[in-house]
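Q: quick one, fold the following:
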Amino acid sequence: MKRVITYGTFDLLHYGHINLLRRAKMLGDYLIVAVSTDDFNWNEKNKKCYFSYEERKALVEAIRYVDLVIPEESWDQKPKDIKEYHADVFVMGDDWKGKFDYLNEYAEVVYLPRTPEISTTQIKNDLKDSIK
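A: Prediction:
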């Protein structure tokens, strides 16, 4: 069985997220998704989420392409997760291209193109602009 692992915040879930998860699942048989915890988002990414970790986890778990959801609590847990969950492929959006090449020591690293016309940041900006 070929296992794939990916990471993300997955706040304000949209079809770009679904596209990424669908394409990640196509690279293997079993998809593991690490969802960033609230503490990690706030303390390391300076990001405040609309939905809590538990809500985002439940949303991602409901996606048919996803087999397992785990918490992402630090930047440096990736090698440990790859080993612990026996991942063969590590997937991220191509906005991270090159940043995780060091993980090639543990798994094949694949950067998938983002869905160009959608992003959580764009949704937040559009919502802000609509109430001005």
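Q: could I get the phi/psi values of residue 26?
A: phi -70, psi -20 (degrees, to the nearest 10).
Q: what's the burial count for it?
A: For residue 26, the neighbour count with other CB atoms under 10 Å is 11. All C-beta spots, glycine's among them, are computed from the backbone N, C-alpha and C.
Q: in this protein, where is pLDDT below threshold?
A: 126, 132 (pLDDT under 70).
Q: mind jotting down where the helices sit in it?
A: 15-25, 38-45, 53-61, 78-84, 120-130 (DSSP state H).
Q: could you say which of those is packed most deeply?
A: Highest mean neighbour count among the helices of the chain (mean count of other CB atoms under 10 Å): helix 15-25, with a mean of 19.
Q: what comes into contact with it?
A: 4, 6, 8, 10, 31, 33, 60, 63, 65-66, 89, 91, 93, 112, 114-115, 118-119 (CB atoms under 8 Å, 6 or more residues apart in numbering).
Q: for stretch 101-119, same thing?
A: Residues contacting stretch 101-119 (CB under 8 Å, 6+ apart): 5, 14-16, 19-20, 23-24, 27, 78-79, 82-83, 87-97, 100.
Q: just the endpoints, please. Distance across that stretch?
A: 24 Å (CA to CA, to the nearest Å).
Q: return the distance of it from the chain's centre.
A: 10 Å (CA atoms, centre = their mean, to the nearest Å).
Q: report the buried residues of that stretch.
A: 103, 106-107, 109-112, 115, 119 (16 or more other CB atoms under 10 Å).
Q: over to stretch 89-101?
A: 89-93, 100.
Q: turn these into TSV, including distance to residue 47.
A: Listed next are the buried residues of stretch 89-101 as TSV, based on distance: CB to CB, whole Å:
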residue	distance to residue 47
89	26
90	22
91	21
92	16
93	16
100	19
